[in-house]
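Novice: all I have is the shape, not the residue letters:
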């Protein structure tokens, strides 16, 4: 168990005003968690300190070789000022999966969760209570050795920062348009697509810009080998409801094992909704659409939770999903997961964790 030192911010900031729109990931709370790592010493000096800039040498390895990982989860306000997290143990496990791939030292999962709880507890008054809002939590680890050489660092920083946020998409649950990308790829099996690291997102920017220029919100990625099997959508996992069955690409090493993805599949299996994890080709998807069997499409992820898709573009064809609105199954999933997160729906899976 960590012995966390607490240094309170002597100059707390004004909190966002209730009832006013909150941007996503632009406002930060009064405190952050910080812990150091040195090879041979391990993780040490866990502390909650005032939020502020960190000082790194220009030669710090994170800047040059991208040795870093990050996570994302949320805190929600409960009754009587209580604070709750959603499945933080899953984030801790996934963090170490990323760490292994990136040669970052193992971080005990109980320490990860304790660190998150500690800083959320200090800044619990920052958790917004308006509908659709939450306290977004960003844990991350960066390599800090001062060395211009390609090798694992000997020193690291683990930080947790907090951001009171509204909906990831400014229009909330309104269906988005998706561009099926056939030029660029996000990841390949044997790479680091399953890890949560900045390189996976930096390589997505060119395709994202292309999609935005044509009025689409996100990119639907195809596999990097055959360019025919569907993998992810933007920074989310993707689901299709085809002829009554919920289908999502199987985890294959190039797809992020999303925690919301796992929650959707767990819900489906518990409720008796047919579901499959398997390879899905873009040709199968288009055929299902043309045959009237593609009932719903939605993305899943921590930031947006459930993001309905209203239209798809592939090459020069545009396909409207259903009537272009929110599908009933997508809406029921969103209501269930956000209901558990906020305490409005019974937590039958034990996902909600009190801080």
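Specialist: It's in. Note that the structure is predicted; figures quoted are calculated from it, not measured.

Novice: how about the helices of this structure, start to end?
Specialist: 61-65, 88-102, 109-122, 198-202, 205-213, 259-271, 282-290, 328-342 (DSSP state H).

Novice: out of the ones you listed, which gets nearest to residue 223?
Specialist: helix 282-290 (9.8 Å; C-beta to C-beta). Heads up, the C-betas are built off the backbone N, CA and C, glycines and all.

Novice: could you give the separation of that closest one from the chain centroid?
Specialist: The chain centroid and the centroid of helix 282-290 are separated by 28 Å, computed with C-alpha atoms, centre = their mean, to the nearest Å.

Novice: show me the protein divided up by domain.
Specialist: Domains of the chain are assigned by automatic domain parsing as 5-166, 176-339.

Novice: need the ones you listed in JSON lines (columns: distance to residue 346).
Specialist: Putting the domains of the chain into JSON lines (distance: least, C-beta to C-beta, whole Å) gives the following:
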{"stretch": "domain 5-166", "distance to residue 346": "14"}
{"stretch": "domain 176-339", "distance to residue 346": "9"}
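
Novice: residues contacting the residue nearest the centre of the chain?
Specialist: Nearest to the geometric centre of the chain sits residue 302, at 4.3 Å (C-alpha atoms, centre = their mean). By C-beta atoms under 8 Å, 6 or more residues apart in numbering, the contact set of residue 302 is 72-74, 258-260.

Novice: could you turn the buried ones of those residues into a PyMOL selection?
Specialist: A single PyMOL command selects the buried members of those (16 or more other C-beta atoms under 10 Å):
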select buried, resi 72+73+74+258+259+260
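
Novice: for the contacts of residue 302, which two are the farthest from each other?
Specialist: 74 and 258, at 13.7 Å, using C-beta to C-beta across the contacts of residue 302.

Novice: right, and the helices of the chain - which one's nearest residue 248?
Specialist: helix 259-271 (6.7 Å).

Novice: buried ones in the closest one, by neighbour count?
Specialist: By neighbour count on 16+ other C-beta under 10 Å, the buried set for helix 259-271 is 259-265, 267-268.

Novice: may I have the predicted confidence score for residue 20?
Specialist: On pLDDT, residue 20 comes in at 89.

Novice: pLDDT below threshold where in this protein?
Specialist: The chain contains residues with pLDDT under 70 at 170-172.

Novice: one more pass at 50, please.
Specialist: Scanning the chain for pLDDT under 50 picks out no residues.

Novice: how much space between residue 145 and residue 154?
Specialist: Distance of residue 145 to residue 154, computed by C-beta to C-beta, to the nearest Å: 5 Å.

Novice: same deal with residue 190?
Specialist: Between residue 190 and residue 154 the distance is 26 Å, computed by C-beta to C-beta.

Novice: again with residue 21
Specialist: According to C-beta to C-beta, residue 21 stands 44 Å off from residue 154.

Novice: ditto for residue 268
Specialist: Distance check for residue 268 against residue 154: by C-beta to C-beta, it reads 45 Å.

Novice: ditto for residue 311
Specialist: Remark: distance between residue 311 and residue 154 (C-beta to C-beta) = 50 Å.

Novice: what does residue 241 give?
Specialist: Applying C-beta to C-beta, the value for residue 241 to residue 154 is 49 Å.

Novice: so for the two, which sits in the more crowded spot?
Specialist: Higher neighbour count among residue 241 and residue 154: residue 241, with 24 against 16, using other C-beta atoms under 10 Å.

Novice: what about that one, distance to residue 265?
Specialist: With distances taken as C-beta to C-beta, residue 241 is found 13 Å from residue 265.

Novice: the stretch 1-150 of the chain: strands as residue ranges?
Specialist: 5-6, 31-38, 42-50, 68-70, 73-77, 83-86, 134-143 (DSSP state E, counting those that start in this stretch).

Novice: indicate which one of these is closest to residue 287.
Specialist: Among the strands of the stretch 1-150 of the chain, strand 83-86 comes nearest to residue 287, with 36.3 Å by C-beta to C-beta.

Novice: hmm, who's touching that closest one?
Specialist: The contact list for strand 83-86 (C-beta under 8 Å, 6+ apart) reads 73-78, 116-117, 120-121, 124, 127, 135, 137, 259, 340-341, 343, 351-355.

Novice: enumerate every residue touching residue 130.
Specialist: Residues near residue 130 by C-beta under 8 Å, 6+ apart: 18-19, 22, 166.

Novice: highest neighbour count among the residues you listed?
Specialist: residue 166 (23 neighbours).

Novice: is it true that that one touches residue 26?
Specialist: No: under the criterion of C-beta atoms under 8 Å, residue 166 is not in contact with residue 26, lying 9.9 Å apart.

Novice: can you check the distance spanned by stretch 62-70, start to finish?
Specialist: End-to-end distance for stretch 62-70: 13 Å, by C-alpha to C-alpha, to the nearest Å.

Novice: run through who's touching it.
Specialist: Outside stretch 62-70, the residues that touch it by C-beta under 8 Å, 6+ apart are 56, 61, 95, 98-99, 102-104, 138-144, 148, 150, 152-153, 195-199.

Novice: residue 243: neighbour count?
Specialist: Residue 243: 12 neighbours (other C-beta under 10 Å).

Novice: distance check, it against residue 276.
Specialist: According to C-beta to C-beta, residue 243 and residue 276 sit 11 Å apart.

Novice: ok, residue 134 next?
Specialist: Taken as C-beta to C-beta, the span from residue 134 to residue 276 is 30 Å.

Novice: what does residue 259 give?
Specialist: Going from residue 259 to residue 276 by C-beta to C-beta gives 20 Å.
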